[in-house]
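[1] No letters, just coordinates:
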């Protein structure tokens, strides 16, 4: 199956209108319709229900859409990785949030440098949730990332488990307590990842988020290492006894066959194991 019919299919599936999809693709509607018909013939499945007033995805189309998006993204990522390699020789791009390495980054890079498969590393500092996108787009080769993150198309090794703490303004009613439970925050265990995502959306980075904490606007759940590494006036950290642990992982594209990426993953796992922080399983 070629990539062009998949691009055409995705455009129609997202627009649900052949005229708009054709305009988006820079072609006229008749060849677009023929291409979709040819794709349906190749697959032996109808992808769209068409009427004079509407276009909707069939069950087969709904199944194909995420797969087509992933396939097209993988092709584009391969091209980006090839261009990166041609531009400056072998180099490994490591994506990490500035406060999202659990204190392991320097040790991982030192361990990696001793591996025969190591190549020069460029550390790309990024925002929350950006690591997965960079990996899938071929803009990064490997990432250190805390859950929750989008695992689609990625492989990962869990490195460390950390207790979670709540960050509170010193004036917050719960700040006087030595420890908290999820119920104090109005949460259940199965709501923690959703809650973390929602609170992350309030700030672009940890500095902004802690500013909001000091103003009493948010109460984020953070890895315990943040409390040690980022003390801040006006903010206190309190352990949340029954919160699921924060999981730090090293992640990479599932289709990667890079020896340099594999070497960095080995280094990350070794550092976590030596530090007694490796997540079980």
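    Received, thanks. Being a predicted model, the structure only gives us computed values, none of them experimental. Numbering: from 1, shown residues only.

[2] pLDDT weak spots in this protein?
    Within the chain, the segments meeting pLDDT under 70 span 84-90, 276-281.

[3] Pull the contacting residues for residue 225.
    Residues in contact with residue 225 (Cβ atoms under 8 Å, 6 or more residues apart in numbering) are 102-103, 162. From N, CA and C alone the C-beta is placed, and that goes for glycine too.

[4] So it belongs to a helix, correct?
    Yes: counting by DSSP: H, G, I helix; E, B strand; the rest coil, residue 225 falls inside a helix.

[5] one step back: using CSV, lay out the contacts of residue 225 together with neighbour count, secondary structure and distance to residue 134.
    Output for the contacts of residue 225, formatted as CSV (neighbours: other Cβ atoms under 10 Å; DSSP: H, G, I helix; E, B strand; the rest coil; distance: Cβ to Cβ, whole Å):
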residue, neighbour count, secondary structure, distance to residue 134
102, 25, coil, 19
103, 17, coil, 22
162, 19, strand, 23
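
[6] Looking at the residues you listed, which is nearest residue 154?
    Nearest to residue 154 among these is residue 102, at 18.5 Å by Cβ to Cβ.

[7] ok, that closest one to residue 180 distance?
    22 Å (Cβ to Cβ, to the nearest Å).

[8] Please apply the same query to residue 139.
    38 Å.

[9] between those two, who's got more neighbours?
    residue 180 (22 against 17; other Cβ atoms under 10 Å).

[10] if I look at the more buried one, how far off is residue 229?
    Counting by Cβ to Cβ - residue 180 and residue 229 are separated by 20 Å.

[11] Spatially, and excluding backbone neighbours, which residue is closest to residue 209.
    residue 203 (3.7 Å; Cβ to Cβ, 6 or more residues apart in numbering).

[12] where do the helices sit along this protein?
    3-15, 18-25, 29-43, 59-88, 105-113, 130-136, 192-200, 206-214, 224-229, 259-274 (DSSP state H).
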